[in-house]
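Peer 1: Fold the stuff below for me.
(chains A and B)
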Amino acid sequence: MNLIIDYGMGNLNSVQKGFERVGLDTVVSDSIQKIKDAKTLILPGVGAYRDAMDLLNKLELSDVIKEEVRNGKPIIGICLGMQLLYEKGYEYGEYDGLGLIKGDIRKMDISLKVPHMGWNSLRFKDQDNKILKYINEGEYVYYVHSYYANSDNSELVAYSDYEILIPGIVNKENIYGIQFHPEKSGMVGHNILKAYKEIIE
Amino acid sequence: MLARRIIPCLDVRDGRVVKGKQFKDIVDVDAPEVLGKFYSDNGADELVFYDITASSDERKTQHEFVKKVADEINIPFSVGGGVSTVDDFKDILRKGADKVSVNSSAVRNPQLIKDASERFGAQCVVLSIDAKKNDEGSWSVYVKGGREKTKLDAIEWAVRGVELGAGEIVVNSIDEDGMKKGYDVELLKQITDRVNVPVIASGGAGTMEHFKEAVVKADVDGILAASVFHFGEIHIKDLKKYLKEEGIEIRI
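Peer 2: Numbers count the residues shown, from 1 in each chain, chains lettered A, B, ... in the order given. Have a look, this model is predicted:
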């Protein structure tokens, strides 16, 4: 069972549909037991870092997610869900994330328009990563965000240029993160989810 | 860098897309999700659904089509028409839309922009402005589908809207709408110069050159059109190929 973790941040229907289109069945739930029983975890999310971590902590999901992932369970974080995988977020203060990947989440301090919203092209860093199997460098994906992951980029798989380097896809062992919305990125997003399905199977 | 967006606009009345006679030549169905998927499969970067039932009748729409569209397409889309409360935003976003646009209701109650932006984030609040040139040489804001003139100046209203929390501005030129002589580049340029959020041009597309002109002369982030796409006068794939060849960043 592949579990979409529902902690009250955003509409999960689109994410579920995205996985359904590549033939990956998912269950949406906030149950601790289901997180333990799941084969893989999907952490979506739209909104503010602080609110998301508050909800994950209030539902007592943070510790169980960390434990399962540290024991090797695959997880993929999407948009805000990817940002939560890092150690800290600086949205309206300083808040601890799940700390599964080293680095923090910072506001884009740039002259271009923020949020970074729209279709941007992907550049590959770790081109052999299996999640890139069905897409080509230069193809476009759909982003909507104002904060980005700042790290030593050892986990960086693909990125976009937006005055600064915006990590688009990250991967560390059994942990994947996608900053853009694959479920809203047309066929390119579809092909990324298709590759991810093969990875976890 | 970001690609400029090509955005077909679909008018929905009583849950069906209103289309011209010739539309039958393209697809034989008029459900919003079917036409939405057609455009999405043919290169649209984003879709706008405008519920024209809502504003004319001034009643709450059910927005039932929104969920069907969200289930069928995998590109972003916005929904407008008859949105007057934060609860309307919530309902439409929960059904799967990415953005919600407000027009007359925001003129009546600007606080709506602020409340929705604080609650759901600026990225999903679109301020749609119907503008028409006045005798003083500036542009007035119109409401109720362009039927009623207000005292608001279009450029100042755009600036104010962004201050209140709108994350995107759609500028509909009443003068150019349906004329097929090109977008109101002068108006658009003044707005893109003043606001730091994406600006979408609407009203006036007749040829592919008009799309280029809006980007090159007014620096708009997206270009919206309806009839030229619906009647098959311009195919999105051809348009995008042309714009790319003209040196504009476009998602092919």
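Peer 1: can you pull out the strands in chain B?
Peer 2: Remark: strands assigned in chain B by DSSP state E are B:5-13, B:16-17, B:47-51, B:77-80, B:99-102, B:125-133, B:139-143, B:148-153, B:168-173, B:199-202, B:222-225.
Peer 1: Measure how buried residue 147 is and give me the count.
Peer 2: No chain was given, so I picked chain A. If you count neighbours by other C-beta atoms under 10 Å in any protein chain shown, A:Y147 ends up with 21. For every residue, glycine as well, the C-beta is placed using N, CA and C.
Peer 1: Actually, chain B is the one I wanted.
Peer 2: Other residues near B:R147 come to 11 when the count uses other C-beta under 10 Å.
Peer 1: Enumerate the residues of chain A near chain B.
Peer 2: Within chain A, the positions near chain B by C-beta under 8 Å from any C-beta of the partner chain are A:11, A:13-14, A:17-18, A:21, A:46-47, A:113, A:115-121, A:140, A:142, A:144, A:161-162, A:181, A:183-186, A:189-190.
Peer 1: In strands, which of the residues you listed fall?
Peer 2: Mapping the residues of chain A next to chain B onto strands (DSSP E) picks out A:H116, A:M117, A:G118, A:W119, A:N120, A:S121, A:Y140, A:Y142, A:V144, A:D161, A:Y162.
Peer 1: Could you find the closest non-adjacent residue to the second one?
Peer 2: In this structure, A:M117 finds its nearest non-sequential neighbour in A:V144, 4.9 Å apart by C-beta to C-beta, 6 or more residues apart in numbering or on different chains.
Peer 1: How much space separates the one you found from A:G10?
Peer 2: Relative to A:G10, A:V144 is positioned 11 Å away (C-beta to C-beta, to the nearest Å).
Peer 1: what do you get for B:V79?
Peer 2: When C-beta to C-beta is the yardstick, B:V79 and A:G10 sit 16 Å from each other.
Peer 1: swap in A:G97?
Peer 2: According to C-beta to C-beta, A:G97 and A:G10 sit 17 Å apart.
Peer 1: Which residue, other than its chain neighbours, is closest to residue 72?
Peer 2: Just going to use chain A. Spatial nearest neighbour of A:G72, excluding adjacent residues (C-beta to C-beta, 6+ apart): A:N174 at 5.5 Å.
Peer 1: nope, chain B
Peer 2: Closest residue to B:E72 in three dimensions, ignoring its sequence neighbours and counting by C-beta to C-beta, 6+ apart: B:E33, at 4.1 Å.
Peer 1: If I look at that neighbour, what pLDDT would I see?
Peer 2: Predicted confidence (pLDDT) for B:E33: 93.
Peer 1: For it, grab the count of nearby residues.
Peer 2: Neighbours of B:E33 under the rule other C-beta under 10 Å: 19.
Peer 1: That one and B:F77 touch, don't they?
Peer 2: No. Between B:E33 and B:F77 there is no contact under C-beta atoms under 8 Å: 10.4 Å.
Peer 1: Quick check: neighbours shared by these two?
Peer 2: Overlap between the neighbourhoods of B:E33 and B:F77 consists of B:V69, taking contacts as C-beta atoms under 8 Å, 6 or more residues apart in numbering or on different chains.
Peer 1: Could you pick out the buried ones from the residues of chain A next to chain B?
Peer 2: A:11, A:13-14, A:17-18, A:46-47, A:113, A:115-121, A:140, A:142, A:144, A:162, A:181, A:183-186, A:189-190 (16 or more other C-beta atoms under 10 Å in any protein chain shown).
Peer 1: so who does A:H181 touch?
Peer 2: Applying C-beta under 8 Å, 6+ apart to A:H181 gives the contacts A:S14, A:I78, A:C79, A:V141, A:Y142, A:Y143, A:V144, A:G189, B:P76.
Peer 1: right, so of the strands of chain B, which gets closest to A:Y196?
Peer 2: Minimum separation from A:Y196 across those (C-beta to C-beta) falls at strand B:77-80, 24.0 Å.
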